[in-house]
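Participant: Generate coordinates for the sequence data below:
(2 chains)
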Amino acid sequence: MSNLRVLLLLSLFLINIACADKPYVDKLLLNKITDKYKIFAKKRFFFLQQTLDSVKNKSDLEKLKAVNTFFNEVRYSSDMRIYKKKDYWATPWEFLGKDAGDCEDYVISKYFALKYLGVDYKKLFFTYVRSSKFKEPHMVLTYFKTPRSEPLILDNNNRRIFPASKRKDLTPIYNFNGDLLNKIGNNKQKSHKKWDELKQNIQRKKI
Amino acid sequence: MTLFKQIALMLSLFLLIILTTVLILNFQSANKGVKERLYDDAKNTATSLSLSLGSANGDLSMMSTMINANFDSGNYRNITLVDVDNNTLYERKMESETIDIPEWFFHIINIKAPIASANVSAGWSQVGILNVQSNTDYAYKQLYAILIDLLISFGIIAIVGLMIINFLIHAILKPLKEVQKQAAAVIRNEFIIQRNIPYTKEFKDVVLGMNNMVAKVKAMFDKGNEELKAHKELEYIDKDTQLKNRKYLIDRLPQYLKVDANSKGGVYIIVALNGMKEANEKLGHQDVDNLFIEIADIFRNGSRVFKNCIVARMNGTEFSLLLPECSNEDAIELATNIYNKATDNIKEYGLNTDETNISLGLYEYSHMNTISQLFSRADNALAQAKFNNNKIHLERAEDTPEVMGKEAWKLIINRAIDKNRFHFISWPVVDNKTKQLVHSVLSINLFLDKNTSYSYAQFMAPAIQAGLSSKIYQNIVHTLFKTPDMVLSASTYSLRLPLEYLEEEGTYHDISELLRANAATLPFKLIIELPDRLVHQDSMYVREYEKLFQKYNIDIGIFEFIGESDDYQYLQDLRPAYIKGESSYFLTQSNQSLSALRLITDSIGISLIAVGVMDMETLGELKKRGINLVQGRVTEISEV
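Facilitator: I've put the predicted structure just below:
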């Protein structure tokens, strides 16, 4: 009888482990990031995981706010300075590892973090905009609650989330969601050149 | 299939497989490239058009116009705009259009153009998604052109490649051709020594091996030739007088005493020297031998004017002169001359002509006589001569009652020639060892009508007398080639052609024309038999005939062989299938000369055939001497 009880407890324990949530960054990758970017980087990823875990069961809006706030803490820096390239889309690990990036890098990291939190990817778009304040091309992450509703803007310049109508300084140019296009098109490998490169880098776990 | 063909086939197949594989891979890569290009084009259009559509601020009519403008100006199969709920807002589709490529290509390639998509927005809000699919016509056309280009260039490469392969194999296998030539020559019993030793090791070994073998066989032949020549001296020549001996005469006589002999007859003289015992006692051996030599010179000089005559020493004191085509008057004159000169010589030596003298028996022989008739009648004449004052006696031929007069024969033969009345008959040459037929010998009968026919022996003598023998042969050679079915029952036939016919003007041309027209369709293998007397002289026209027969794959046989040549090289040059000799010839040869002959014939693959084998006893004797191929009456009476 006692044997049966032990067996039952053991199986319950195993089920519990199996059902435990996967971390945003797995252990193996985290070790590599630590090797490359040292202990502070590891701490940043630890805080990211903590932030994500804290809003795991909250509404989309709570998730948006937490993610937006967390990543907006990262320093802005041009691709030329970091990567010696005119335009480069960094993976979330490079972005947080180096603790620096330009507008696309913020958008990418926010997008994948939200996707991890279970926000429907069809609601999220990479939006090319023109900033009248800086008079230069810019990119923000937009969140559409429904396809026809007014989007919320997650920007790294203006750190708070505003509906689109409140952001008179931004002129929308082009919306784009790589996952969505991949899903529609019959060519799984190709949808958007920059997006395709990014996906490849993520697959290779580029840090 | 030759080695060359096998290697050529293998390499060609290999080349073609490689080329085809490369062609297919090339085409597949082109196919993939074209398909990627189709997607990239569609993607570029989708992105740029979706940006333009953004400026329409969601106005469908404006967006439709933009899509129309794009669709009409480019090469698209389909452009569709769907809203966020996946409802179609606007769509343009290309109507089917015939393109200028073959149907089969269309079915085999079957390109499915990929669809490229882009998000469309108006300001901050979503409009939907734009799907663009390129038109495949251009891709088909391009791929078809690529395929044709590939086929042409690979075709050229294949042709050049095959030519190079052909050239290389020829170069590599060239020594093999030489080896093959040498091997074929060995089969034909020709002795070719190859001087160009090939570089390739395998070929080199074969060539050296064959050279070695050929050299040995040639040495064997030369040895046989030397030995036979040496034995001929011993066998046929009288040592003291250097005249021919009795054996030679007997071996040669069958050629003179036969129905179709060249000469119808002449005079045969036996000369006996009497009282030699007394001469020996008076003069001693040395001087008597000199006397013999002088008297032999008298015979030799006296008979020189007679073509084909034979002067032989029969025994210690008897000589004989066979004088074909010699009249009785000429013979008497010659005999008188000989008598007078010999008597003078005897006197010069101081001998008494009452004791030591010569007597001459003359017999007017006919070619129809047998050897024993010839000898006994000549002996009779000699016996008679001894009693005559002048020691000369001529025995005339009996007037054999002629069945038909010369004119009657001439008429019959001419009629037979005109009406083709000569029919073939054949008798066998058999192998006594295996009891099998070797070949059949053709002869002819003259069928005048249903009841009357004459054998070769009957009509040939009058025909020769009338000078019609060549005409008869001309007639039967034509019959043989033009209606060979007449004789068809065995697989190999031999036909004797006499000297007169072969030498006649026009015969060569006639035979070569007949061979050119009919040799290929002859339903049996033909062997032409030529007399040894003609062949061993190695004359110009023998070589002409030899070349002619060789060209049409007709073998040559030699008949009436008695081995009287000075050199047997002609056997190697002519390479006859067989040599036929009288059975008596083979039986009277010494073991040494027969084995020398065998050495020659075995080294170049010539069979020996004994003809005129009449009884089982002779057959047994021949078998003991290793002569197994026989022709003659014995083939009818024995189980052979």
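Participant: So residue 130, which state does it fall into?
Facilitator: Unless you meant another one, I'm taking chain A. The local conformation at A:Arg130, judged by DSSP: H, G, I helix; E, B strand; the rest coil, is strand.
Participant: not quite, I wanted chain B
Facilitator: strand.
Participant: which residues touch the most centrally placed residue in chain B?
Facilitator: Geometric centre of chain B, nearest residue: B:Asn553, 3.7 Å, by Cα atoms, centre = their mean. Neighbouring residues of B:Asn553 by Cβ atoms under 8 Å, 6 or more residues apart in numbering or on different chains: B:Ala519. From N, CA and C alone the C-beta is placed, and that goes for glycine too.
Participant: could you redo the last one with a cut-off of 10 Å?
Facilitator: Listed by Cβ atoms under 10 Å, 6 or more residues apart in numbering or on different chains, the contact set of B:Asn553 reads B:Leu515, B:Ala519, B:Ala520, B:Leu522, B:Lys525, B:Leu526.
Participant: now that we have the residues you listed, which one has the most neighbours?
Facilitator: Ranked by neighbour count (other Cβ atoms under 10 Å in any protein chain shown), the contacts of B:Asn553 have B:Leu526 at the top, with 21 neighbours.
Participant: So what's the residue count around the residue in chain A that chain B sits nearest to?
Facilitator: Proximity of chain A to chain B (Cβ to the nearest Cβ) peaks at A:Pro147, 3.4 Å away. A:Pro147 has 14 neighbouring residues, counting by other Cβ under 10 Å.
Participant: Name the SS class of it, please.
Facilitator: Look at A:Pro147: counting by three-state DSSP, its state is coil.
Participant: nearest spatial neighbour of B:Val84, skipping sequence neighbours?
Facilitator: The shortest distance from B:Val84 to any non-neighbouring residue, by Cβ to Cβ, 6 or more residues apart in numbering or on different chains, is to A:Pro147 (3.4 Å).
Participant: Let me know the average pLDDT across the helix or strand harbouring B:Asp72.
Facilitator: Using DSSP states H and E, B:Asp72 maps to helix B:60-73. For helix B:60-73, mean pLDDT is 90.
Participant: Let's see that helix as PDB, backbone CA atoms only.
Facilitator: Only the C-alpha atoms of helix B:60-73 are listed here, as PDB (Å, rounded to 0.1, in the frame of the first residue of the first chain):
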ATOM      1  CA  LEU B  60     -11.100  50.400 -52.900                       C
ATOM      2  CA  SER B  61     -11.600  52.000 -56.300                       C
ATOM      3  CA  MET B  62      -8.300  53.700 -56.000                       C
ATOM      4  CA  MET B  63      -6.600  50.400 -54.900                       C
ATOM      5  CA  SER B  64      -8.300  48.500 -57.800                       C
ATOM      6  CA  THR B  65      -7.000  51.000 -60.300                       C
ATOM      7  CA  MET B  66      -3.500  50.600 -58.900                       C
ATOM      8  CA  ILE B  67      -3.800  46.800 -59.000                       C
ATOM      9  CA  ASN B  68      -5.100  47.000 -62.600                       C
ATOM     10  CA  ALA B  69      -2.200  49.200 -63.700                       C
ATOM     11  CA  ASN B  70       0.300  46.800 -62.200                       C
ATOM     12  CA  PHE B  71      -1.400  43.700 -63.500                       C
ATOM     13  CA  ASP B  72      -1.700  45.000 -67.100                       C
ATOM     14  CA  SER B  73       1.800  46.300 -67.300                       C
END
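Participant: Good, we can wrap up now.
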